[in-house]
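*Asks:* Here's a sequence, model it:
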Amino acid sequence: MKLKINFALKTGVEGEIPVLAVMNFGYKEFDALKQSYVYKPLKYYTGIKVNKSDWDELEKLPKNKTKRAVLLQLEKQATDIFNYLSANETVTPNRLKQELDFKIKKREQQAIVTRVRLVDFIENEILKENGIKTGTKNCYQVLANRLGEFETKIGKQLYSSDLNEELYIGFMNTIRERCTRINSVTHYYKAFKAVLNRIARKYKVNVFNPTKELRTTDKLRSVTEEKIYLEFSQIEKIIGYQPPTKELANAKLILLTLLFTGCRYSDVHKIKPEYTYSKNNVTFNYARYLTTKTDTEIVVPILKPLQEAFDANGGIAEPMAMQKFNSLARTIAEKVDLNDEITLSYTNSFGKKELTTSKLFQLISSHIGRRSFVTNLMSYIPITVLSKITGHTNSAIESDFKGLGSSEIFKYNKISLVDNAALLVKILRIYTEDKLDDFPINLV
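*Replies:* Numbering: from 1, shown residues only. Now for the predicted structure:
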């Protein structure tokens with residue numbers, strides 16, 4: 001075998017572009033995806049970056065003499081290393097890369113020989129951490145399962161030292177085939193990046209970095225999709241529903257708790273009318289709690305429909321698995337005739353917009369309450385008040401309600417949580433008395 005080296009600029013990058021050394025030496029490897037043997041050159045990151053205007057397309061070298069000299073020296077060292085290895089063993093791209101890293105970049109031997117199997121790291125390191133939240137744990141477990149399936153598909157275990165752009169994109173393509181929405185794919189993308197970053201920190205090794213090494217077109221970003229919410233007239237139907245079973249009664253109470261507090265599903269069991277506010281002819285019960293997701297302190301008033309639901313139920317809702325609740329909530333919505341046809345656009349797993357039509361009750365999920373609470377009140381209640389009631393961060397408020405102010409405004413909002421809740425009640429009292437068409441439900 002003879003080594004041939006060509007220098008090339010990485011595609012899909014703007015500004016200063018990394019220079020790759022593409023090393024071909026006739027190595028072939030069986031590709032389980034293509035079911036054939038294919039040539040596997042080594043694409044080696046040289047550490048040199050240039051602007052496109054400083055690149056000599058004819059000579060495939062930088063115009064800068066210093067950078068050109070560094071690359072030519074690297075070419076000589078790589079050739080010497082290849083000749084030495086080929087005289088003693090079978091040279092593979094991974095073996096050549098190890099020696100290049102060690103000889104050229106002077107990395108520690110320990111870092112070179114450390115090989116971390118991605119599935120093992122997730123199962124033995126991440127999933128066994130103390131205090132890991134159930135949702136996070138499930139996310140990483142599913143990622144480990146998908147990586148295991150991908151290993152079966154390509155016919156080998158996947159190690160951090162072997163991961164490159166081709167394998168990474170190959171894995172993400174298998175995720176795209178399983179998912180229907182781009183945001184679901186992005187969920188895996190973020191978890192995978194987090195695993196790689198943790199391996200790099202723990203073992204002090206270089207790993208594939210999707211942020212830096214992927215082309216712009218291959219990078220994934222979450223998109224804002226069309227979402228539904230329930231209007232007060234529709235919520236009124238749910239209030240009037242008489243559940244025939246204890247299970248449905250509990251699901252109804254959970255749904256009303258979400259709709260009239262704007263809390264996350266993980267905090268439903270924390271909504272308890274344990275405290276009472278009474279001042280200046282304003283009296284109401286309220287819940288005070290720390291959110292499960294962000295540890296944010298929340299004070300939320302118990303509005304009249306929810307207080308009546310608590311009283312009728314003889315207490316707060318009992319815990320229920322989210323999947324079970326979603327199914328029962330859709331049953332309730334169907335029973336009260338929330339069956340209008342809704343057409344929404346969504347972005348599929350390959351980034352293309354599509355349209356889908358469903359019955360309204362089929363779109364009900366655990367997040368419908370939070371979304372409905374904010375949407376129904378945001379035209380009447382100041383965003384600064386809603387942000388404290390729901391525990392939205394300033395950045396989330398700004399991204400959702402562009403043009404309504406910067407984070408500097410929120411920094412001046414020093415009103416106490418209890419007084420903030422009282423302000424919500426006072427404003428609602430005014431609107432529910434004056435705008436009966438907008439507020440068919442007596443909220444306070």
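*Asks:* Could you give the average pLDDT over stretch 80-100?
*Replies:* Averaged over stretch 80-100, pLDDT sits at 86.
*Asks:* quick one: buried residues of that stretch?
*Replies:* By neighbour count with 16 or more other C-beta atoms under 10 Å, stretch 80-100 contains the buried residues Ile81, Phe82, Leu85, Val91, Pro93, Leu96, Lys97, Gln98, Glu99, Leu100. C-beta: built from backbone N, CA, C; applies to glycine.
*Asks:* Filter those residues down to just the ones in strands.
*Replies:* With DSSP state E as the criterion, strands contain none of the buried residues of stretch 80-100.
*Asks:* Closest one of those to Asn173?
*Replies:* For those, the residue nearest Asn173 by C-beta to C-beta is Pro93; the value is 21.2 Å.
*Asks:* circling back to that earlier point, would JSON lines of the buried residues of stretch 80-100 with distance to Thr66 be doable?
*Replies:* Putting the buried residues of stretch 80-100 into JSON lines (distance: C-beta to C-beta, whole Å) gives the following:
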{"residue": "Ile81", "distance to Thr66": "23"}
{"residue": "Phe82", "distance to Thr66": "25"}
{"residue": "Leu85", "distance to Thr66": "29"}
{"residue": "Val91", "distance to Thr66": "30"}
{"residue": "Pro93", "distance to Thr66": "28"}
{"residue": "Leu96", "distance to Thr66": "26"}
{"residue": "Lys97", "distance to Thr66": "25"}
{"residue": "Gln98", "distance to Thr66": "27"}
{"residue": "Glu99", "distance to Thr66": "25"}
{"residue": "Leu100", "distance to Thr66": "20"}
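*Asks:* From those, which land in helices?
*Replies:* Here DSSP state H is the test, and these give Ile81, Phe82, Leu85, Pro93, Leu96, Lys97, Gln98, Glu99, Leu100 as lying in helices.
*Asks:* right, and the fifth one touches Leu85 too?
*Replies:* Yes. Using C-beta atoms under 8 Å, Leu96 makes contact with Leu85 at a distance of 6.7 Å.
*Asks:* can you give me the offset of stretch 16-28 from its chain's centre?
*Replies:* Between the centre of stretch 16-28 and the centre of its chain there are 33 Å (C-alpha atoms, centre = their mean, to the nearest Å).
*Asks:* For Asn376, give me its contacts.
*Replies:* By C-beta atoms under 8 Å, 6 or more residues apart in numbering, the contact list for Asn376 reads Tyr229, Glu231, Phe232.
*Asks:* Near Thr174, how many residues? Count them for me, please.
*Replies:* 17 (other C-beta atoms under 10 Å).
*Asks:* so when I look at it, I'm seeing a helix, right?
*Replies:* Yes. Per DSSP: H, G, I helix; E, B strand; the rest coil, Thr174 lies within a helix segment.
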